[in-house]
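K.L.:
sequence first, then the predicted structure, then my questions.
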Amino acid sequence: MWQKNFPKIKLTSTPTPLEKLERLSKDLKGVEIYMKRDDLTGLAFGGNKARKLEFLLGEGQEKGCRTVITQGGAQSNHARMTAAAAAKLGWEAILVLAGSPPPQEQGNILINRLLGAKIVWTEGEKRSEVVKREIERLNKEEKKVYNIPTGGSTPLGSLGYLQAAEEVFKQEKDLGVNFDYIVAPAGSGGTHAGLLLGKYMYGLKAKIMGVAADDQDFSPVIDELFRGVSELVGVSYEREEGDLILTRDYVGPGYGEVDEPTLKAVKYLALQEGIIVGPVYTGKALAGVLDLALKGFFPQGSKVLFIHTGGNPEIFAYNREVGGQ
Ligand SMILES: Cc1ncc(COP(=O)(O)O)c(C=O)c1O
């Protein structure tokens, strides 16, 4: 039981449900799609970051911190969930967000406000500089600050998805299925590093697949996090060729820019299954899965598990793009 070595705080409603998407699978003729509902983790609309925060804030609490600082894009899901976790624990949260205050607060920004987080806009400055300055300011106030890097993707944060892989292992047994692929959107890499280690530790058959939400080459980042999280747990695995498949084919015009296939995927899932995905991460990844299934990338009879990593508040910030009137 590797868990007992880490001071985790329970912040999530886990295990999250794992369900077959029956209507969607019928349309894909020969590929079965399942979904792990990590949008239902809890913490103000939920998402993958909640799992990382259990380990990260556990460490912070042990170190005596009661203030947390993190950073991200203006609509960062990670920042919103950090603010929610801080509220639940009675901590102070400082969010350093890229850009300037928007004319109207929407989506994750609005939720950050409801959660009582302090937002510091970078206003063109380097994010790391603003974070440094804020930490110095807080230290002067004698506050011990826990600093979480972008996306919570450190080896410790990646443990959240090692834990998720263990859940999948148990849920496979309960359902009597073995997945061929586990697909999730990829951003800062922690989710995939944890899943890959989980594949080896729990003997999952599935290949781990990442659909990128932005154009950077995240393969070296995942490799480094994979080594880091393995070391933390005290195990050593060689990554086999083909166990991790990464694609940047569905980024479209760029990070946070909604293209037609993404919009179609968001609407299609809503109509077929009554499930909402956001357009920045999960919508793009779903567009990728649907395209790959229809192209025959997944062999006939494949069972594909899609991890819904959350991000639903994004749709309110993309009102027009997702078809709002
Ligand atoms: C909704 C959502 N899905 C997926 C990701 C990517 O996860 P990771 O940063 O662990 O690669 C993020 C964060 O960047 C996210 O907000």
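P.N.:
Perfect, thanks for sending it.
K.L.:
please make it C-alpha for all contacts and neighbour counts, starting now.
P.N.:
Fine.
K.L.:
now the residue most central in space within the chain: how far from His308?
P.N.:
Central residue of the chain (C-alpha atoms, centre = their mean): Asn48, 3.7 Å from the mean position. The gap separating Asn48 from His308 is 8 Å, by C-alpha to C-alpha, to the nearest Å.
K.L.:
quick one: common contacting residues for those two?
P.N.:
Residues touching both Asn48 and His308 comprise Asp38, Asp39, with contact defined as C-alpha atoms under 8 Å, 6 or more residues apart in numbering.
K.L.:
and the lengthiest helix in the chain, which residues are buried?
P.N.:
When the chain is parsed with DSSP state H, its longest helix is helix 155-175. Neighbour counts over helix 155-175 (16 or more other C-alpha atoms under 10 Å) mark 155-169, 171 as buried.
K.L.:
residues of this protein that sit close to the ligand?
P.N.:
Counting by C-alpha under 6 Å from any ligand atom, the chain comes close to the ligand at 77-78, 151, 153, 185-191, 281-282, 309-311.
K.L.:
can you show me the helices along this protein?
P.N.:
Counting by DSSP H, the chain has helices at residues 22-27, 49-62, 77-89, 107-114, 127-140, 155-175, 190-202, 219-233, 260-273, 282-295, 314-317.
K.L.:
now these in a markdown table, with mean pLDDT?
P.N.:
Shown next, in a markdown table, are the helices of the chain (pLDDT from 0 to 100):
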| stretch | mean pLDDT |
| --- | --- |
| helix 22-27 | 96 |
| helix 49-62 | 98 |
| helix 77-89 | 98 |
| helix 107-114 | 98 |
| helix 127-140 | 98 |
| helix 155-175 | 98 |
| helix 190-202 | 98 |
| helix 219-233 | 97 |
| helix 260-273 | 97 |
| helix 282-295 | 98 |
| helix 314-317 | 96 |
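K.L.:
tabulate those helices (a markdown table), appending distance to Ile208.
P.N.:
Below are those laid out as a markdown table (distance: least, C-alpha to C-alpha, whole Å):
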| stretch | distance to Ile208 |
| --- | --- |
| helix 22-27 | 20 |
| helix 49-62 | 18 |
| helix 77-89 | 22 |
| helix 107-114 | 28 |
| helix 127-140 | 31 |
| helix 155-175 | 11 |
| helix 190-202 | 6 |
| helix 219-233 | 12 |
| helix 260-273 | 21 |
| helix 282-295 | 13 |
| helix 314-317 | 25 |
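K.L.:
quick one: closest of the ones you listed to Ile9.
P.N.:
Closest to Ile9 of the helices of the chain is helix 49-62 (C-alpha to C-alpha; 4.9 Å).
K.L.:
just checking, what packs against that closest one?
P.N.:
Judged by 3 or more C-alpha pairs under 8 Å, 6 or more residues apart in numbering; DSSP states H and E, helix 49-62 is in contact with helix 77-89, strand 145-148, helix 155-175.
K.L.:
list the contacts of that helix.
P.N.:
By C-alpha under 8 Å, 6+ apart, helix 49-62 touches 6-12, 41-43, 66, 77-78, 81-82, 85, 146, 148, 151-153, 156-161.
K.L.:
if any of those residues are buried, put those into a ChimeraX selection.
P.N.:
Per 16+ other C-alpha under 10 Å, the buried members of those correspond to this ChimeraX selection:
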select :6,7,8,9,11,12,41,42,43,66,77,78,81,82,85,146,148,151,152,153,156,157,158,159,160,161
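K.L.:
of the helices and strands packed on helix 49-62, which is nearest Met35?
P.N.:
Met35 lies closest to helix 155-175 among the helices and strands packed on helix 49-62, at 10.7 Å (C-alpha to C-alpha).
K.L.:
what angle separates the closest one from helix 219-233?
P.N.:
Here helix 155-175 points in a direction 80 degrees away from that of helix 219-233 (axes from the mean of the first three to the mean of the last three C-alpha atoms, to 10 degrees).
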